[in-house]
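A.B. asks: fold the following.
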Amino acid sequence: DSMFIVTEEAKKELKRIRESRTMEPGKHLRFAIPPVWTGYGSFGIVIDEEREEDISIFLDDDKVLIIEDSVAEGVDNQKDGDEDSILDFVESPEGTRFTLS
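C.D. replies: Sure, this is the predicted structure:
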């Protein structure tokens, strides 16, 4: 059974982003796809409240990301067979960015 995986590098960057923002209690960073995500590309990170159907991603004991169960499944279903979907944070000549593979 394939799943949605977040790399250590991505978790560390998400934690850094969260700590650099003043976020209200109960707000978290959410992995979002359109229509929730309205920015450039096919996905992004938004600040949102947690909902019942969310999956939580932790770095140590810190909740660094939430993702709706159906979004995680939908992203994963675009893959062939049992490959996992991996959210990573990479440095490239164009700069640093999150990637989904």
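A.B. asks: ok, and the closest non-adjacent residue to Asp76?
C.D. replies: In space, not counting the residues next to it along the chain, Asp76 is nearest to Ser85; the distance is 4.6 Å by CB to CB, 6 or more residues apart in numbering. Quick note: C-beta positions are derived from backbone N, CA and C, even for glycine.
A.B. asks: note down every partner strand of the helix or strand harbouring Ser56 and its orientation.
C.D. replies: Taking DSSP states H and E as the definition, one finds Ser56 inside strand 54-59. In the sheet containing strand 54-59, the strands it pairs with under DSSP bridges are strand 62-68 (antiparallel).
A.B. asks: what residues of the strand it pairs with count as buried?
C.D. replies: Neighbour-count burial for strand 62-68, counted by 16 or more other CB atoms under 10 Å, picks out Lys63, Val64, Leu65, Ile66, Ile67, Glu68.
A.B. asks: likewise stretch 16-28?
C.D. replies: Neighbour counts over stretch 16-28 (16+ other CB under 10 Å) mark Ile17, Arg18, His28 as buried.
A.B. asks: looking at those, spot the one nearest Arg97.
C.D. replies: Checking the buried residues of stretch 16-28 against Arg97 with CB to CB, the nearest one is Ile17 at 12.5 Å.
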